[in-house]
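S.K.: 3D model of this:
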Amino acid sequence: MKEYNNLTIYEKEDFLEYEIIKYLHKVSQTTTRTQLAKYLVENVDYIPKDALNSKKSHKTGRSYQPFMNRLSFALTSLYKAGLIDHPKRGITVLSKAGQSINPNDEKHIHELVIQGWK
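M.R.: Model (predicted):
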């Protein structure tokens, strides 16, 4: 696996989708986006420890967190695939389909995500 910062935007989202599913299987409970981001940065070797740092946009001058943008897109993709639910704003949990999937079957997860966007 390439280092996270060397992945394309789409590869980052794919990678995060798999890691999110693995994490949600591990904890078997609801989680917030902040808890999820913190866990991924602290516990997934390929994600740099400074991933949550803000950057300044060259166009607008505003601060943003590229990692959180990718995380949001990954969560949206998993939601569209029917693998996660958001019972309340800012809360994420595995759906019944997400609970029944093998978290290590990256090919199947990717197929479901692609179907979800169609």
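
S.K.: for the longest strand along the chain, which positions count as buried?
M.R.: Across the chain, the strand with the greatest residue count (assigned by DSSP state E) is strand 91-94. For strand 91-94, the neighbour count (16 or more other C-beta atoms under 10 Å) marks 92, 93, 94 as buried. Using the backbone N, CA and C atoms, a C-beta is placed for each residue, glycine as well.

S.K.: cool, and stretch 38-56?
M.R.: Neighbour-count burial for stretch 38-56 [16+ other C-beta under 10 Å]: 39, 40, 41, 44, 47, 51, 52.

S.K.: what sits against the fifth one?
M.R.: It refers to residue 47. Shown in contact with residue 47 (C-beta atoms under 8 Å, 6 or more residues apart in numbering): 4, 40, 41, 67.

S.K.: Repeat that for the third one.
M.R.: Residue 41 sits next to 47, 48, 49, 51, 52, 67 when contact means C-beta under 8 Å, 6+ apart.

S.K.: Once you drop chain neighbours, what's closest to the first one?
M.R.: Closest residue to residue 47 apart from its sequence neighbours, by C-beta to C-beta, 6 or more residues apart in numbering: residue 4 at 4.9 Å.
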